[in-house]
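[1] need coordinates for the below:
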Amino acid sequence: MKRKDGIDLIKAIAIFCVVLAHTCSPGYFTTGANFCASVFWGSLFRMAVPLFLMCTGALLLDPEREFKAVPFLRKNYLRILIALFFWAAMYKLYHLAVGGALSGSSLLFALKELVLFKHEFHLYYLHITLLLYAFLPILRVLTKHASRGTMIYLLVLWALTGIIYPTLRPFWPFSLLEGVPAQWLMNMAWASFGYALLGHFLMKYPMKRWLGAVLFAAGFAVVFGGTLIMSRSRGSFYEGFLEGMSVGVALKAAGLFGLLSGVKLRRTGLVRFIAKASFCVYLIHIFIISEAARLGWSILLLPCIVSIPLAALVTLAICCGIWFVLSKIPVVKKYLV
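    Residues are numbered from 1 along each chain as shown. Here you go, the predicted structure:
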């Protein structure tokens, strides 16, 4: 199927969002200008997983795309599982090695954690992907036959139970709810389906670009303002507004997708290169960030307003270089990156 410039551009931006979001972390536990700068950059770029899920929905829920459930699941499940357990094992070995804790008992404990899906924190996206892929045949039937009104109703229901309610749940009066109403919210794994449906919907019924810009700006204001206000009122960093299933992040993701999904690029080389490398970058970038921290290369060595985007760009470039090398090895390219 022909590549879509807009989807490639969104993927390239999304993977930069991933790297920058994880680069920001040390700055969240500082004060003053560095804290504000870290929250600023984190608020601006904290929407990676929603964007990836929307791209998945836009591509794989397209009724014109040839799709056979069994071959698709056999091929993609195998690839995701191999990549997931291989890189999860590499992270376990890395942490044991740099911590000087390599031993028979520690390796056995690490193996138990692998089997129980206790993997490096960012690999949760692959766990969600396995669940989403399992439901793709059902979602394709739904999106093929649902009317525009039915899709809007479903997306509103998702927004209420998967985005708005979870965001408000920690606050009064929602924090007082008990029993079944306290369980009405959708957890992150199931709410992820909504982003895939939204990606499909926005490809089929594109939004006006001015509306995309408004949604993005509103989402940024909610995330940035909400994080600063709550962090200051509580006296410690509050991450609730930065979560992928929060209101501000959802608005930003929808707005950016609406802005870019239909664009045509004059030159696609760099964007397409980064988009192709995005899976590998997602898998390995924590190695680079962890090694930089271990060697004493911290974003706090410079003002965070400068160091965070600079460090993210350097990390992205290194990861893309590693992907370029690994992609030349056929088996590695097919199953691991």
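
[2] and Tyr195, what does it touch?
    50, 53-54, 57, 250, 253 (C-beta atoms under 8 Å, 6 or more residues apart in numbering). Placement of C-beta: from N, CA and C, glycine included.

[3] for the chain, longest helix please?
    helix 69-98 (DSSP state H).

[4] coming back round to it: widest-spaced pair of the contacts of Tyr195?
    Greatest spatial distance in the contacts of Tyr195: Gly57 and Ala250, 13.9 Å, computed using C-beta to C-beta.

[5] hmm, who's touching stretch 288-302?
    19, 22-24, 26-27, 30, 34, 94, 98, 307-308, 310-311, 315, 318-319.

[6] any idea how far that stretch is from the chain center?
    Remark: stretch 288-302 is offset 22 Å from the chain centroid, using C-alpha atoms, centre = their mean, to the nearest Å.

[7] could I get the average pLDDT for it?
    For stretch 288-302, mean pLDDT rounds to 94.

[8] and that stretch, how far apart are its ends?
    End-to-end distance of stretch 288-302: 19 Å, with C-alpha to C-alpha, to the nearest Å as the criterion.

[9] that stretch: which residues count as buried?
    288-290, 292, 299 (16 or more other C-beta atoms under 10 Å).

[10] tell me which of the residues you listed is nearest to Val214?
    Of the buried residues of stretch 288-302, the one sitting nearest to Val214 (C-beta to C-beta) turns out to be Ile299, at 31.3 Å.

[11] show me the contacts for the residue lying closest to that closest one once chain neighbours are set aside.
    Nearest residue to Ile299 in three dimensions, chain neighbours excluded: Ser307, at 4.2 Å (C-beta to C-beta, 6 or more residues apart in numbering). For Ser307, the contact set (C-beta under 8 Å, 6+ apart) comprises 299-301.

[12] next: Leu93.
    Taking C-beta under 8 Å, 6+ apart, one finds 102, 110 in contact with Leu93.

[13] Tyr238 in helix, strand or coil?
    coil (DSSP: H, G, I helix; E, B strand; the rest coil).

[14] phi, psi for the closest residue to it other than its chain neighbours please.
    Excluding its sequence neighbours, the residue lying closest to Tyr238 (C-beta to C-beta, 6+ apart) is Met230, at 3.8 Å. For Met230, the backbone dihedrals are phi -70, psi -40 (criterion: degrees, to the nearest 10).

[15] Phe237 is in contact with Met230, correct?
    No. Applying C-beta atoms under 8 Å, one finds Met230 not in contact with Phe237, separated by 9.0 Å.

[16] retrieve the pLDDT associated with Arg3.
    pLDDT, Arg3: 79.

[17] helix or strand for the spatially most central residue of the chain, just tell me which one.
    Taking C-alpha atoms, centre = their mean as the criterion, Val49 is the residue nearest the geometric centre of the chain, at 1.7 Å. Taking DSSP states H and E as the criterion, Val49 maps to helix 48-60.

[18] please compute how far that helix lies from its chain's middle.
    9 Å.

[19] please renumber the chain so that the first residue is 38 from this point on.
    Okay, using 38 as the starting number, the last item reads as helix 85-97.

[20] alright, that wraps it up for me.
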